[in-house]
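# Show me how the following folds:
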Amino acid sequence: MLIHFYRFANLLSRNRIPLLPKFFYYLQFILFNCSVPPTTSIGKNTKFAYGGIGIVIHGRSVIGKDCLIGQGITIGGKSKSKDVPRIGNNVYLSAGCRILGDIQIGDNSIVGANAVVVKDVPPNSIVAGIPAKIIKTNIDPKEYY
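Prediction:
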């Protein structure tokens, strides 16, 4: 349901309709305890697990299509960098992970639960830990999805 609030608010924001995007933003904040600004770019078929509870996404972040985003995730910048994360297509972000700074998560990658990602992740990789380290590369996404 959260994705529907986001998509509608995003549509209103892109068409420069005043006030209504903010209304839906605050409504989702109250209902789902999350912050997904209408200015965020989220691709088709991306889903929020568990209704998207506790998600915080930076307003300039870019998330690809066919992603699955777990609960309690933060996707945001760092204090000394103005750029924000870019998430590729078909990426699985496990519960509680943090994606921070000017980084790119490659297509078909998996970020482990509670991982703190501060460096780029190559495509077809699994990362986990604090800070996140590459556990496995060149994975077959069909094995894990």
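# Got the confidence number for residue 111?
In this model, residue 111 is scored at 95, pLDDT.
# And it, how close does it get to residue 92?
7 Å (C-beta to C-beta, to the nearest Å). Backbone N, C-alpha and C define where each C-beta goes, glycine included.
# Looking at those two, which is more packed in?
A count of neighbours by other C-beta atoms under 10 Å puts residue 111 above the other of residue 111 and residue 92, at 26 against 20.
# For the more buried one, list the residues it contacts.
Residues in contact with residue 111 (C-beta atoms under 8 Å, 6 or more residues apart in numbering) are 91, 92, 93, 94, 97, 99, 105, 117, 121, 127, 128, 132.
# Let's see which of these end up in strands.
Among the contacts of residue 111, the members falling in strands (DSSP state E) are 92, 93, 99, 105, 117, 127, 128.
# Let me have those residues in a markdown table, extended by pLDDT.
Shown next, in a markdown table, are the ones in strands among the contacts of residue 111 (pLDDT from 0 to 100):
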| residue | pLDDT |
| --- | --- |
| 92 | 94 |
| 93 | 94 |
| 99 | 95 |
| 105 | 95 |
| 117 | 95 |
| 127 | 95 |
| 128 | 95 |
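# quick one: which of the residues you listed is nearest to residue 64?
Of all the ones in strands among the contacts of residue 111, residue 64 sits closest to residue 105, with 8.7 Å by C-beta to C-beta.
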